[in-house]
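**Student:** quick one, what's the 3D model for this:
(one chain, ligands or ions: 1)
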Amino acid sequence: MDTAHPSFPILVALFVLLLGVTSSQPYEEFLQCLEFHDSNITSIVYTRANSSFSSLLESSIRNPRFDTSATPKPLLIFTPRQISHIESAIRCSRAHRIQIRVRSGGHDYEGLSYSTDQNSSFLLLDLIRFRNISIDLAQQTAWIQPAVTTGELYYRIAEKSSILAFPSGICPTVGLGGQISGGGWGTLLRKYGLAADNVLDATVIDAKGRILNRASMGEDLFWAIRGGGGNTFGIVIAWKIKLVPVPATVTACTVTRTLEQNATEIVHRWQYVVDKLPNDVFFMVVLNSVANPVQANATTIQASFNSLYLGGIEGLIPMMDAKFPDLGLRRENCVEMSWAKSILYFAGFPLNSPLESLLDRTISATGSAKFKGKSDYVKEPIPISGFEGIWEKLKEVGVQTGGLILASYGGKMSEIPESSIPFPHRAGNIYQVEEVAFWVEDGVEAADGYLNWLRGLYEYMTPYVSKNPREAYANYRDLDIGRNGGGGEGDYRRARSWGSSYYKNNFDRLVRVKTAVDPANFFRNEQSIPPLSSWR
Ligand code: FDA
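**Tutor:** Reported below is the predicted structural model:
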């Protein structure tokens, strides 16, 4: 990552030229402040004039929608090597009133870890060098740094044990800094809950630049950082996580059905079964429009039923025959493998892919496609007529450009109280829905077309999903449901609407914690929890 850098005075001079004297003032002083704390620190500060600036910025942009010339860019990128660098960055940013955006894996749905929706200036604190994993097999725990991806973690666990895992997300490139900060669900959620439910301790740097652990931060802040959203309460520099047992062999299955193969009835029936299955079964359904396999130049809707069973095929098939015969699951739909390999399976890798694929941070689940996601929770089965309307919506967009992902709840998720951590979507939910649009076309017009389509689908879903509040998953950040003012200036009353969608009754406790630990709202973005002082 290190490249040749201009010496500090040249760097400052370039910066002054770039910004004009007045606007550069705080940045010049900020850089001087950093250098005061550590004279070598400027080698890890990248200005827009640096030749590595763009490649470094783009290296962790996981939604190309926010990688255009119109996307607001940071004025500086800072890639700390050690904790003291982060402390200095916080102290200097505070002193010179520079906003910080923190990035671990860069998967923020709205690009808020490396951009803003306003044209406010900010420093990008990129934690890319914080990637250590330290596993304690005897204690079945691990300390992980925030830029560790889920794939890297799963691979390192598998290197040491085939019967341990961690219940985090499916996509292997997501950073655990952001993911655990918002919850983190994956194929083990019905057995063990979320990633954030399995955090034992953490190291956080707060707005005063203090390094805190669970004992010194206190239970309120420790509660808030496990799901209350990133870039809000401090910078997480390590999580201590509890590893969970899995069998050496698990079974992953896929059954696809089109409308012509009874997809509507099977998806409808799935809703009555899925949250009541044994906790060892996870079930996901992907709904989208596909080329009709039996009719040229026509499309149909496909439902892809993807399941993971914590055990061998022999145990799975009779159970599914008894509990969900409508699916018609057969041995040939299933493959036995290790739990770590099942992540590659769910992430869409070919079956013979090496486990090392989990280490590839650069692969993108969405390819070069731009995307937007929205989320919902379903508490009552959607009627057949409701699905028929969804099919009409899916037919409005091209093949594979829009869809819904339904992920089964129940099991352990229903046993954990809503207030255990800030993530509140527990008992009473049959499944979580993600509505998503993907597109490759460039330009505002194309984007608006897909965004409007997605918003239309979301509107259509209203009668079938949770109400008062209409719940949403914080990690599927959606600025349509509300945002703070310019550059993340918080307003309690405004924030309450989107805040209760993400956190339900936990929102007020999050505000109290924020008010206690960061009353000046130093850590902020368009959807960070505001302190109470912001009540206007
Ligand atoms: P990023 O670095 O963009 O951070 C996200 C947010 O957290 C930002 O606000 C950022 O400032 C803040 N943040 C980051 N590091 C921090 C730190 N160390 N301390 C404090 N704040 C920090 N979710 C899920 O639950 N299960 C899944 O299977 C998937 N799959 C998935 C696939 C793909 C392709 C995408 C794009 C996203 C997902 N997600 C997901 C959603 C994902 O969990 C969510 O976007 C996370 O916030 C991403 O974390 P990153 O660290 O990668 O993002």
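
**Student:** residue of the stretch 1-150 of the chain nearest the ligand, please.
**Tutor:** G105 (2.3 Å; CB to the nearest ligand atom). Where C-beta positions appear, they are placed from N, C-alpha and C, glycine not excepted.

**Student:** what about that residue, how many residues nearby?
**Tutor:** Residues near G105, counting by other CB atoms under 10 Å, number 24.

**Student:** my read is that it contacts G175, right?
**Tutor:** Yes: the criterion here is CB atoms under 8 Å, and G105 meets it with G175 at 2.1 Å.

**Student:** give the residues shared as contacts by these two.
**Tutor:** S60, A147, T149 (CB atoms under 8 Å, 6 or more residues apart in numbering).

**Student:** adding secondary structure and distance to K379, write the residues you listed out as JSON lines.
**Tutor:** Shown next, in JSON lines, are those (DSSP: H, G, I helix; E, B strand; the rest coil; distance: CB to CB, whole Å):
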{"residue": "S60", "secondary structure": "coil", "distance to K379": "36"}
{"residue": "A147", "secondary structure": "coil", "distance to K379": "36"}
{"residue": "T149", "secondary structure": "strand", "distance to K379": "33"}
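
**Student:** pick the one among the residues you listed closest to Y27.
**Tutor:** Set against Y27, the nearest of the shared contacts of G105 and G175 by CB to CB is S60 (22.3 Å).

**Student:** look at that closest one and say how many residues are nearby.
**Tutor:** S60 has 23 nearby residues by other CB under 10 Å.

**Student:** and I301, that one's in a helix?
**Tutor:** No: under DSSP: H, G, I helix; E, B strand; the rest coil, I301 sits outside any helix and is assigned strand.

**Student:** ok, what's across the strand from it?
**Tutor:** S289 (DSSP bridges).

**Student:** now do the contacts for it.
**Tutor:** T258, L259, A263, L287, N288, S289, V290, W391, L394, K395.

**Student:** I figured the fourth one hits T300, correct?
**Tutor:** Yep, that's L287 we're talking about. No: using CB under 8 Å, L287 is not in contact with T300, being 11.5 Å away.

**Student:** tell me who's in contact with R62.
**Tutor:** G105, G106, H107, D108, T173, S364, T366.

**Student:** list the residues that contact the closest residue to the second one other than its chain neighbours.
**Tutor:** Pointing back at G106 there. Among residues not flanking G106 along the chain, S60 sits closest, at 3.1 Å (CB to CB, 6 or more residues apart in numbering). Going by CB under 8 Å, 6+ apart, S60 touches R103, G105, G106, Y114, D126, I128, G175.

**Student:** returning to what we had before: between the contacts of R62, which is closest to F523?
**Tutor:** D108 (14.4 Å).

**Student:** give me the number of residues near that closest one?
**Tutor:** D108: 27 neighbours (other CB under 10 Å).

**Student:** same check, this time on T187
**Tutor:** Applying other CB under 10 Å, we find 30 residues neighbouring T187.

**Student:** spell out which residues of the stretch 101-250 of the chain are next to the ligand.
**Tutor:** 101-109, 112-113, 127, 146, 169-171, 174-175, 177-179, 181-186, 230-231, 235-236 (CB under 6 Å from any ligand atom).

**Student:** the residues you listed in strands, which ones?
**Tutor:** In strands, judged by DSSP state E, the following of those are found: R101, V102, R103, I235, V236.

**Student:** please report phi then psi for G186.
**Tutor:** Phi and psi for G186, reported as degrees, to the nearest 10, are phi -150, psi -160.

**Student:** what lies in contact with the one helix or strand S375 maps to?
**Tutor:** Applying DSSP states H and E as the criterion places S375 in strand 370-378. Defining contact as CB under 8 Å, 6+ apart, one finds that strand 370-378 is touched by 63-65, 109, 271, 406, 409, 425, 429-440, 447, 450-451, 454, 458, 461, 464-466, 470-473, 476, 478, 480.

**Student:** filter the residues you listed down to the buried ones, PyMOL style.
**Tutor:** Burial among the contacts of strand 370-378 is assessed by 16 or more other CB atoms under 10 Å; the matching PyMOL selection reads:
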select buried, resi 63+64+65+109+271+406+409+425+429+430+431+432+433+434+435+436+437+438+439+447+450+451+454+458+461+464+465+466+470+471+472+473+476+478
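
**Student:** low-confidence regions, the stretch 301-450 of the chain specifically.
**Tutor:** Along the stretch 301-450 of the chain, the parts satisfying pLDDT under 70 run over 365.

**Student:** where along the stretch 351-500 of the chain do the strands fall?
**Tutor:** Along the stretch 351-500 of the chain, the segments classed as strands by DSSP state E, counting those that start in this stretch run 370-378, 402-408, 431-439.

**Student:** for the stretch 151-300 of the chain, that is, sorry about that
**Tutor:** 164-165, 199-205, 211-212, 235-242, 244-245, 250-258, 281-291, 299-309.

**Student:** enumerate the residues of the chain near the ligand.
**Tutor:** 62, 101-109, 112-113, 127, 146, 169-171, 174-175, 177-179, 181-186, 230-231, 235-236, 365-366, 475, 525.

**Student:** my guess is A147 contacts I128. True?
**Tutor:** Yes: between A147 and I128 there is a contact under CB under 8 Å: 5.2 Å.

**Student:** so the two - more neighbours on which side?
**Tutor:** Legend: neighbour count by other CB under 10 Å for A147 and I128, higher for A147 (23 against 20).

**Student:** list the contacts of the helix or strand A516 falls within.
**Tutor:** Here A516, judged by DSSP H and E, is contained in helix 506-517. Outside helix 506-517, the residues that touch it by CB under 8 Å, 6+ apart are 206-207, 220-221, 223-224, 228-229, 232-234, 418-419, 422, 424, 492, 495-496, 499-500, 503, 521, 528-533.

**Student:** and what of stretch 411-418?
**Tutor:** Under CB under 8 Å, 6+ apart, the answer for stretch 411-418 is 189-194, 197, 275, 277-279, 424-429, 504-506.
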